[in-house]
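Chemist: The following block contains a protein sequence and its predicted model.
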Amino acid sequence: MSRIVIADDSPTLRRIVTSVLTREGHEVIAAEDGIGAVQAVFAHQPDAVVLDVQMPRVSGFIAARLLKDDWQTADVPVVMLTSLDAASDRYWAGQAGVDRYLTKDFEAPELATTIDEVLAAATAARGGRPPLRPEPLELSEEDVLSRVCDLLDRKLFESSVAQAVTAIAATADGLESSVASLLGVLQRFVGYDLAAVLLGAERTAYVAVGGPTATEHYRAFLDRSAESLSSHGGEVLSTGELVLRVAEAGGAVVDDPDDLPGGAEAAAMSTYLSMPLRGHGGGVVGVLALSSAQANAFGETALSTLKLVEGPAAIVIDGARLAGARAAARA
């Protein structure tokens, strides 16, 4: 027997869905709106959730996003059961992480089959193992609404970052300007001591200095970034093969690493991370790398932001590369 949470503001629909699923041997826990649905899922750890869209206080779309956003409930299948049937509604359900979408003209066997299918898919995704159930969590209405606000704030932040990156393609003039703009965006949203974009075919490293940086840190960062390019499947290059370009991001421009602000006595590199830049054909055209003299400088928020910009940044940089190559070929 599986435990199913259902949420609908219509008592009639709750009775119908409860009746159908109970006849199939499931235990059903009913809620009247999105807040009640989220509370019931965290309190009872069900095997699946059935949500209406248009409910008071918190809609089914928002409830689904909250559940899919939390590691404790992300793997619980969500079935949307609604009278809305526009293409935009189905798209938005997919964006919210909904596993299946049914309209309220459903037949009882269709609902039963859908629940069986999402339960089987969840079991297959776990490799046949039973689900890991965290301790039940009692959430107040204020707790749920606080989570809604946090989610909306984060989605707005993510949208702002993605927009800032994609806007580079329309505003930057050429490859160097595109790279400098990208590193400037990252300085605003992430922060770093050093950042670089290394491009394999061009054998060029565009470096930005975001804070006081030791010469030792600078050289170690370039060496590590060149290694990252090859380890991610790009060109195998040494630092000595790279043409260095200094991009302004955070105000500092360096012509000679011996003239870095902070001097040779400043701290060495303590934190480093990189991610591949995959071009339009899927191949690695370069890497984006960041470093800091501070240990554990890039926390969960920074890592999430970098993951968010990975795709758009790669397309923007590769587009500028290809446009420059075409212009050079025409000249």
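Modeler: Perfect, I can see it now.
Chemist: which residues of the stretch 1-150 of the chain fall in strands?
Modeler: 3-7, 27-31, 48-51, 78-82, 100-103 (DSSP state E, counting those that start in this stretch).
Chemist: Can you say which of these is packed in most?
Modeler: Mean neighbour counts were taken over these using mean count of other C-beta atoms under 10 Å, and the top value, a mean of 28, falls to strand 48-51. C-beta here means a position set from N, CA and C on the backbone, and glycine is covered the same way.
Chemist: quick one: contacts for residue 94?
Modeler: Neighbouring residues of residue 94 by C-beta atoms under 8 Å, 6 or more residues apart in numbering: there are none.
Chemist: which other residues reach the helix or strand of the chain with the lowest mean pLDDT?
Modeler: Least confident helix or strand, the chain: strand 243-247 with a mean of 77, by mean pLDDT, DSSP states H and E. Strand 243-247 is contacted from outside by 176, 179-180, 183-184, 202-209, 222, 253-255, using C-beta under 8 Å, 6+ apart.
Chemist: What about those residues, which are in strands?
Modeler: Mapping the contacts of strand 243-247 onto strands (DSSP state E) picks out 204, 205, 206, 207, 208, 209.
Chemist: now for the lengthiest helix in the chain, which elements pack on it?
Modeler: Using DSSP state H, we find that the single longest helix of the chain is helix 300-330. Packing contacts for helix 300-330, counted by 3 or more C-beta pairs under 8 Å, 6 or more residues apart in numbering; DSSP states H and E, involve helix 141-166, helix 168-171, helix 175-189, strand 194-199, strand 271-278, strand 284-292.
Chemist: Most tightly packed of the ones you listed?
Modeler: Each of these was scored by mean neighbour count; the highest is strand 194-199, a mean of 27, by mean count of other C-beta under 10 Å.
Chemist: List the residues that contact the closest residue in space to residue 38 that isn't next to it in sequence.
Modeler: Closest residue to residue 38 apart from its sequence neighbours, by C-beta to C-beta, 6 or more residues apart in numbering: residue 144 at 5.0 Å. Each residue near residue 144 by C-beta under 8 Å, 6+ apart is listed here: 35, 38, 39, 58, 66.
Chemist: Of these, which is the nearest to residue 18?
Modeler: Residue 18 has its nearest neighbour among the contacts of residue 144 in residue 39, at 17.7 Å by C-beta to C-beta.
Chemist: Please look at that closest one and residue 32 and confirm they touch.
Modeler: No - contact criterion C-beta atoms under 8 Å: residue 39 and residue 32 do not qualify, at 10.8 Å.
Chemist: Which one of the two is surrounded by more residues?
Modeler: More neighbours surround residue 39 than the other of residue 39 and residue 32, with 21 against 17 (other C-beta atoms under 10 Å).
Chemist: re earlier: by neighbour count, sort out the buried ones in the contacts of residue 144.
Modeler: Buried members of the contacts of residue 144, scored by 16 or more other C-beta atoms under 10 Å, are 35, 38, 39, 58, 66.
Chemist: Kindly reformat these as a markdown table containing distance to residue 307.
Modeler: Output for the buried ones among the contacts of residue 144, formatted as a markdown table (distance: C-beta to C-beta, whole Å):
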| residue | distance to residue 307 |
| --- | --- |
| 35 | 30 |
| 38 | 25 |
| 39 | 30 |
| 58 | 27 |
| 66 | 20 |
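Chemist: I'd assumed residue 242 was in contact with residue 198.
Modeler: Yes - using C-beta under 8 Å, residue 198 is in contact with residue 242, at 7.0 Å.
Chemist: Which residues are in contact with each of those two?
Modeler: Contact criterion C-beta under 8 Å, 6+ apart; residues shared by residue 198 and residue 242: 204, 205, 226.
Chemist: Just give me the closest of these to residue 273.
Modeler: For the shared contacts of residue 198 and residue 242, the nearest to residue 273 is residue 226 (15.1 Å; C-beta to C-beta).
Chemist: so that closest one sits right up against residue 234, yeah?
Modeler: No - if you go by C-beta under 8 Å, residue 226 and residue 234 don't touch, sitting 9.8 Å apart.
Chemist: more crowded one of those two?
Modeler: Relative neighbour count places residue 226 above the other of residue 226 and residue 234, with 25 against 22, counting by other C-beta under 10 Å.
Chemist: Just give the number of residues close to residue 320.
Modeler: Residue 320 sits with 22 neighbouring residues when counted by other C-beta under 10 Å.
Chemist: do the one 3 residues further on as well
Modeler: Burial measure for residue 323: 14 neighbouring residues, criterion other C-beta under 10 Å.
Chemist: Contacts only, for the closest residue to residue 92 other than its chain neighbours.
Modeler: Computed as C-beta to C-beta, 6+ apart, the closest residue to residue 92 that is not its neighbour in sequence is residue 61, at 5.9 Å. Taking C-beta under 8 Å, 6+ apart, we find residue 61 in contact with 53, 92, 93, 96.
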